[in-house]
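**Student:** Fold the stuff below for me.
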Amino acid sequence: MPPASKSGRPRRRSQSRLILVLGGAASGKSQVALDKAGRKGPKAFVATGQALDGEMKARIDRHRATRAADWSTAEVPCALGDWFRSEGSGYRTIVVDCLTLWMSNVCGRRIVGKDLTSAVDELIQAIRRTPARVVLVSNELGYGLVPTSRDARAFRDLAGRINQQFAAAADEVYFVIAGQSLRLK
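**Tutor:** The predicted structure is shown next:
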């Protein structure tokens with residue numbers, strides 16, 4: 001609980017509480033993230049996925065159906081830092097699902113390597129200026145098969161470095177396997 005003000009009422013946090021939830025595909029990480037987000041509102045679910053085909057649209061619809069009606073949804077495929085700077089202070093709870101899709105969307109705009117590392121630093125700063133509980137979801141790509149293409153291996157490696165960057169900045173980190181979470185930090 002935040003420290004009390006002179007009036008005796010609890011003070012609202014001036015900096016975010018940053019939680020990172022990692023896991024493989026279909027591991028249950030999105031549900032764990034919603035559970036870790038808590039119940040304090042107003043709440044925002046920031047979706048980075050884009051319904052570019054029927055299968056992805058069905059995934060988005062399934063995810064949306066798992067959230068209670070008190071969640072506002074923002075679709076932000078690339079400009080997460082801008083969203084946090086303009087909208088983040090209006091919420092007490094924010095879930096971003098997922099960083100891997102965000103990274104893919106940003107890389108599709110030819111921002112890679114050092115540029116993405118800088119974008120992550122800027123995003124972390126924008127999140128930290130938000131007085132909300134922020135739960136970030138990301139895929140752990142390093143537990144699968146080694147990709148056969150050079151570009152896919154480069155993306156996997158970049159995702160690993162970006163996950164490390166977010167984990168270092170996070171207050172809590174969880175790894176999800178088969179719907180069960182293990183606290184790493």
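**Student:** Okay, helices next: where are they in the protein?
**Tutor:** 29-37, 54-66, 80-87, 99-107, 114-128, 150-169 (DSSP state H).
**Student:** hmm, who's touching the first one?
**Tutor:** Which is helix 29-37. 19, 21-23, 43, 63, 66-67, 93-95, 97-98, 133, 135-137, 139, 172, 174, 176, 179, 181 (C-beta atoms under 8 Å, 6 or more residues apart in numbering). In this view, the C-beta of every residue, glycine as well, is placed from N, C-alpha and C.
**Student:** same question, the longest one
**Tutor:** Contact with helix 150-169 is made by 18, 20, 22, 99-100, 103-104, 107, 112-113, 116-117, 120-121, 124, 128, 136, 138-142, 146-147, 173, 184-185, as judged by C-beta under 8 Å, 6+ apart.
**Student:** Kindly recompute the last result at 7 Å.
**Tutor:** 18, 20, 22, 99-100, 103, 107, 112, 116-117, 120, 124, 136, 138-142, 146-147, 173, 185 (C-beta atoms under 7 Å, 6 or more residues apart in numbering).
**Student:** Report the helix or strand with the lowest average pLDDT across the protein.
**Tutor:** helix 54-66 (a mean of 81; mean pLDDT, DSSP states H and E).
**Student:** Off-centre distance for that helix?
**Tutor:** 17 Å (C-alpha atoms, centre = their mean, to the nearest Å).
**Student:** now swap in stretch 47-55 and tell me
**Tutor:** The answer for stretch 47-55 is 16 Å, by C-alpha atoms, centre = their mean.
**Student:** One more: stretch 155-168?
**Tutor:** 13 Å.
**Student:** What residues sit buried inside it?
**Tutor:** By neighbour count on 16 or more other C-beta atoms under 10 Å, the buried set for stretch 155-168 is Phe155, Arg156, Leu158, Ala159, Ile162, Asn163, Gln165, Phe166, Ala167.
**Student:** Could you check how far the most centrally placed residue in the chain is from Cys107?
**Tutor:** When C-alpha atoms, centre = their mean is applied to the chain, the residue found nearest the centroid is Leu136 (2.3 Å). Distance from Leu136 to Cys107, counting by C-beta to C-beta, to the nearest Å: 18 Å.
**Student:** That'll do, ta.
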